[in-house]
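Undergrad: no sequence on this one, just coordinates:
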């Protein structure tokens, strides 16, 4: 029976379809007892009576063939052959589909630099040429940082990413001879902070800060086993606590914990060639663990120095960026802007997290690391260019957004965008669109103000 009333809730839908798979015992028995109608018998008589006349019980096909007339037998055999051909074709098609290469599941962390949406292809001639160029720049007595930034904008090869990030973040000097001395001094300085301050984490003045850090650490990338290791979580606790007490203007704010992870993974990859996301960090020498921790602390500190107003009281930096995003979108895509207004979606409801976490909650970690290659290379990448990346990211989902016709669906989409299979290709297109928007609007901010 076709119901005229359209189901408007899950409960009504369930009630209208609850008998879809029900076959009572009586119907089942009738169906099994009389599989064919009387017209299948030669004289139109009941199948059971004819069947009882046969003394022996040959296989079912032979039984039906005996009972059928010559003409009907020909038709029956023709139908049987057709069905056999159809089933054979379907089976062949299924086997062919199963034999096709399956789209690989891209790991969240491993081999980040050469992952794209289709898997991890071997290094091409062009990629090898780029790697050689990076090595040449890094090997020079005084690295040309502007040239290094230019080459890093389109992505940094995995093999040279750790040293390149240290240089672009301002942690290491361009002069090659001074690098080892600077690394040694800065690493000792960090562990001096640990000895001096870390024991005070249980003091009355700092215990709330440490408690919040301790709560947030297990929530950091919970799907990646690497970050659930006790040794790694202790590293993050030390890094975040030391940063918080050395920056009392902001202190620790939820979201800062995410900003440690890309640095930690990149510096860990310098010593790990296999699957990074499942690697046991405790297996590394203690000195190596300490170096990774110290480098992660200093590079994260350099990043936060440029966006600290995002984390001071009332977070004015984020408020201003969200407002700028709203103004920008109202100029570049008025349909999306009006769609949000129609269903009362505020930009702050979804873009606050985009600014607070630098899109880390919206993208897989491998994509974040590729994105940060460009942020490190771009002037004011984390503080200024990120705005245009967020605008491009929003427009990327234009079709899906305009299909949503209520507040709840829109917010659920914007907070759970389907980027799990994103790789270098998608990030590259996103960055290209962000660069176009920046080129159009960055030097003329009044152009996106009504």
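TA: Okay, I see it. All figures in this text were calculated on a predicted structure; none of them were measured in a lab. Numbers count the residues shown, from 1 in each chain.
Undergrad: who's in contact with stretch 168-181?
TA: Stretch 168-181 has contacts (CB atoms under 8 Å, 6 or more residues apart in numbering) with 139-145, 148-149, 152, 163, 166-167, 182-183, 186, 295, 298-299, 302-303, 376-377. The way it works is simple: take the backbone N, C-alpha and C, and place the C-beta from them, glycine included.
Undergrad: In helices, which of those residues fall?
TA: Members of those lying in helices (criterion: DSSP state H): 139, 145, 148-149, 152, 163, 166-167, 182-183, 186, 295, 298-299, 302-303, 376-377.
Undergrad: In PyMOL, how would I select just the buried ones from those?
TA: Of the ones in helices among the contacts of stretch 168-181, the buried ones go into a single PyMOL selection, burial set by 16 or more other CB atoms under 10 Å:
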select buried, resi 145+148+149+152+163+166+167+183+186+295+298+299+302+303+376+377
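Undergrad: Could you report the separation of residue 398 from residue 348?
TA: Using CB to CB, to the nearest Å, residue 398 is found at 20 Å from residue 348.
Undergrad: now do residue 385
TA: Taking CB to CB, one finds residue 385 at 21 Å from residue 348.
Undergrad: Those two: which has the busier surroundings?
TA: Each of residue 385 and residue 348 has its neighbours counted (other CB atoms under 10 Å); residue 385 has more, 21 against 15.
Undergrad: Can you list phi and psi of the nearest residue to the more buried one once chain neighbours are set aside for me?
TA: Spatial nearest neighbour of residue 385, excluding adjacent residues (CB to CB, 6 or more residues apart in numbering): residue 378 at 4.6 Å. The phi/psi pair for residue 378 (degrees, to the nearest 10) reads phi -80, psi 140.
Undergrad: so residue 378 sits right up against residue 153, yeah?
TA: Yes - counting by CB atoms under 8 Å, residue 153 is a contact partner of residue 378 at 6.7 Å.
Undergrad: Compare those two (neighbour count), which wins?
TA: residue 378 (22 against 16).
Undergrad: Can you name the residues that contact the more buried one?
TA: Applying CB under 8 Å, 6+ apart to residue 378 gives the contacts 149, 153, 385.
Undergrad: pLDDT wise, what is it at?
TA: Predicted confidence (pLDDT) for residue 378: 94.
Undergrad: mind checking how far it is from residue 434?
TA: Using CB to CB, we find residue 378 at a distance of 9 Å from residue 434.
Undergrad: Can you pull the residues that touch both of the two?
TA: Common neighbours of residue 378 and residue 434 (criterion: CB under 8 Å, 6+ apart): residue 385.
Undergrad: Give me the distance between the closest residue to residue 319 other than its chain neighbours and residue 260.
TA: Closest residue to residue 319 apart from its sequence neighbours, by CB to CB, 6+ apart: residue 348 at 7.9 Å. Distance, residue 348 to residue 260, by CB to CB: 25 Å.
Undergrad: Please apply the same query to residue 406.
TA: Counting by CB to CB, the gap from residue 406 to residue 260 is 37 Å.
Undergrad: Between these two, point out the one with more neighbours.
TA: Using other CB under 10 Å as the criterion, residue 406 and residue 260 rank with residue 260 on top: 23 against 10.
Undergrad: Now do the more buried one against residue 425, distance only.
TA: The value you get for residue 260 to residue 425, if CB to CB is used, is 27 Å.
Undergrad: Look up how far residue 130 lies from residue 257.
TA: Separation of residue 257 from residue 130 (CB to CB): 33 Å.
Undergrad: Between those two, which is the more surrounded one?
TA: Using other CB under 10 Å, the more surrounded residue of residue 257 and residue 130 is residue 257, with 23 against 18.
Undergrad: That one against residue 215, yeah?
TA: No - contact criterion CB under 8 Å: residue 257 and residue 215 do not qualify, at 9.8 Å.
Undergrad: Now for the spatially closest residue to residue 264 that is not a sequence neighbour: which residues touch it?
TA: Among residues not flanking residue 264 along the chain, residue 296 sits closest, at 4.7 Å (CB to CB, 6+ apart). Residues near residue 296 by CB under 8 Å, 6+ apart: 235, 239, 260, 263-264, 267.
Undergrad: So which of those belong to helices?
TA: Counting by DSSP H, the part of the contacts of residue 296 found in helices is 235, 239, 263-264, 267.
Undergrad: could I get these as TSV with distance to residue 290 and neighbour count?
TA: Putting these into TSV (distance: CB to CB, whole Å; neighbours: other CB atoms under 10 Å) gives the following:
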residue	distance to residue 290	neighbour count
235	9	21
239	12	26
263	15	26
264	13	24
267	11	22
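Undergrad: domains of the chain?
TA: 120-305, 316-448 (automatic domain parsing).
Undergrad: ok, residues contacting the one helix or strand residue 215 maps to?
TA: Counting by DSSP states H and E, the element that carries residue 215 is helix 207-216. With contact meaning CB under 8 Å, 6+ apart, helix 207-216 is reached by 201-202, 236-237, 240-241, 244-245, 251-252, 254, 257.
Undergrad: Among those, which one sits closest to residue 275?
TA: Checking those against residue 275 by CB to CB gives residue 236 as the nearest, at 20.4 Å.
Undergrad: ok, the closest one to residue 230 distance?
TA: 11 Å.
Undergrad: Mind checking which of these two has more residues around it?
TA: Neighbours per residue (other CB under 10 Å) separate residue 236 from residue 230, with residue 236 holding more: 22 against 9.
Undergrad: hang on, isn't the more buried one packed against residue 256?
TA: No - counting by CB under 8 Å, residue 236 stays clear of residue 256, with 10.3 Å between them.
Undergrad: Report the buried residues of stretch 378-397.
TA: In stretch 378-397, counting by 16+ other CB under 10 Å, buried: 378, 381-397.
Undergrad: Straight-line length of it, end to end?
TA: Taking CA to CA, to the nearest Å, stretch 378-397 runs 25 Å from one end to the other.
Undergrad: Give me the distance between that stretch and the centre of its chain.
TA: 17 Å (CA atoms, centre = their mean, to the nearest Å).
Undergrad: Mind jotting down where the helices sit in the stretch 301-450 of the chain?
TA: 316-332, 334-342, 348-356, 365-377, 386-396, 398-403, 407-415, 424-441 (DSSP state H, counting those that start in this stretch).
Undergrad: what's the most buried one of these?
TA: Among the helices of the stretch 301-450 of the chain, the stretch with the highest mean neighbour count (mean count of other CB atoms under 10 Å) is helix 365-377, at a mean of 24.
Undergrad: That one vs helix 386-396, what angle?
TA: Angle, helix 365-377 to helix 386-396, by axes from the mean of the first three to the mean of the last three CA atoms, to 10 degrees: 140 degrees.
Undergrad: Before I go, just wanted to say thanks for your time.
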